[in-house]
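Undergrad: predicted structure and sequence below. I'll ask about it afterward.
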Amino acid sequence: MLNGATCNTAGVTVPPLLPRSPHGGPGAAPFSGLDFSVNSNPCGPNRPLLQAVRDADHAHYPDPTYHATRARLACWHGVTPEEVALSVGASDLLHRAARAFLPAGTGLLSLHAPFGELGRAAALQRAEVQVVDALPALLPGHTRLVYVGHPHNPTGHSLAPEELLALAQKCEQVGAILILDEAYAPFLPELESPRHPNLLRLLSPGKVHGLVGARPAYAIAAPPIIRQLENLAPAWHVPAGTEALLAALPEAQDFLAQTLPLVRQNALELAAAMRSFGDVQHHGTPYLILNVGNAAAAAQRLLNHGVKVRDCASYGLPAWIRVSTRLEQENAALLQACRQVL
């Protein structure tokens, strides 16, 4: 019988059975309150992108190479189609990257806690995960993947382009790939990403466009990296609606100019107000973290008042909760709940 341990079936070792990584958002239990646990644009969805999903040809298979959509995204980013890979969510790309580049016994080095799906993917590969709060002068020789959130979730920390380029060069020296997770970069348009053959950029536009349920994502990297990622994708791995959203993305940016100033202002005001309850870390992202002493207990008390927040224990921060801004009146309801229970 398969259990939580690594199993040997007919002489073949299979990956261990691991629990799912915890995430914000809906769970199995019904919830009808205010959800501050998901980092998504509260002004969404972006209507033109939503319409693109609805208008997609759901009756037929898409082109399994997704060439036209990859070409549109490549032109937008100033790269070639061979440097773009599509995906349903960045989680799939992280799992594929681990399978492609992180053999058993090698190492993943993460600046601050990695996104849970990457940590889980590394564990499935039986690789070593090392979490650091500052980058070492030299990478361990067995390092094959380095993970940086740009900005990091949930702390909001980010690196300057020259720091990222220096890190990519260190990766090249030991034969590693630098994964730059840009899920929340569009909320901070001042952030920049360098170009380097050992750099793998992951983009998840569903968050900034308020369409996380459509799960759009894509990678930008040198062709050899993209070929390895594509090698692990089955045919038609991106459904028609998600592909249509990605194809429409370059022409649907007005929504960001219209909404991001409000999102940033609401987040700044929320962070200032939350400081009356404890230490707050906020670096311009739509989310912030608050030190409440016991995150699990505080999250449960807030849930009892119809408010969901993210317990950050899975990020190695058991005293902190993460809160992502919503609209002004909803933020006021959160503050009222915090006054009652914190």
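TA: Cool, got the structure. Numbering: from 1, shown residues only.
Undergrad: CA atoms only: put the strand or helix carrying residue 49 into CSV for me.
TA: Taking DSSP states H and E as the definition, one finds residue 49 inside helix 47-55. The C-alpha trace of helix 47-55 is given here as CSV (Å, rounded to 0.1, in the frame of the first residue of the first chain):
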residue,chain,number,x,y,z
ARG,A,47,-13.3,42.8,-18.9
PRO,A,48,-11.6,42.5,-22.4
LEU,A,49,-9.5,39.5,-21.2
LEU,A,50,-12.6,37.9,-19.6
GLN,A,51,-14.4,38.4,-23.0
ALA,A,52,-11.5,36.7,-24.8
VAL,A,53,-11.9,33.7,-22.5
ARG,A,54,-15.6,33.5,-23.3
ASP,A,55,-15.2,34.0,-27.0
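Undergrad: so which elements touch it?
TA: Where contact means 3 or more C-beta pairs under 8 Å, 6 or more residues apart in numbering; DSSP states H and E, helix 47-55 is packed against helix 240-248, helix 254-274. No exception for glycine: its C-beta is placed from N, CA and C like everyone else's.
Undergrad: what strands line up against the helix or strand encompassing residue 321, and which way round?
TA: Secondary structure from DSSP H and E places residue 321 in strand 320-324. Note on strand 320-324: by DSSP bridges, its sheet partners are strand 287-291 (antiparallel), strand 310-311 (antiparallel).
Undergrad: now the angle between helix 254-274 and it, please.
TA: Per axes from the mean of the first three to the mean of the last three C-alpha atoms, to 10 degrees, the angle that strand 320-324 makes with helix 254-274 is 140 degrees.
Undergrad: tell me how far strand 320-324 is from the chain's mean position?
TA: How far strand 320-324 lies from its chain's middle: 16 Å, per C-alpha atoms, centre = their mean, to the nearest Å.
Undergrad: next secondary structure after it?
TA: Remark: after strand 320-324, the chain's next helix or strand is helix 328-341, criterion DSSP H and E.
Undergrad: ok, residues contacting that following helix?
TA: Residues outside helix 328-341 that contact it (C-beta atoms under 8 Å, 6 or more residues apart in numbering) are 34, 36, 42, 266, 269-270, 273-274, 277, 298, 301-302, 304-307, 323, 325-326.
Undergrad: of those residues, just the buried ones, PyMOL syntax please.
TA: Only the buried entries of the contacts of helix 328-341 go into this PyMOL selection, using 16 or more other C-beta atoms under 10 Å:
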select buried, resi 34+36+42+266+270+274+277+298+301+302+307+323+325+326
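Undergrad: cheers, nothing more for now.
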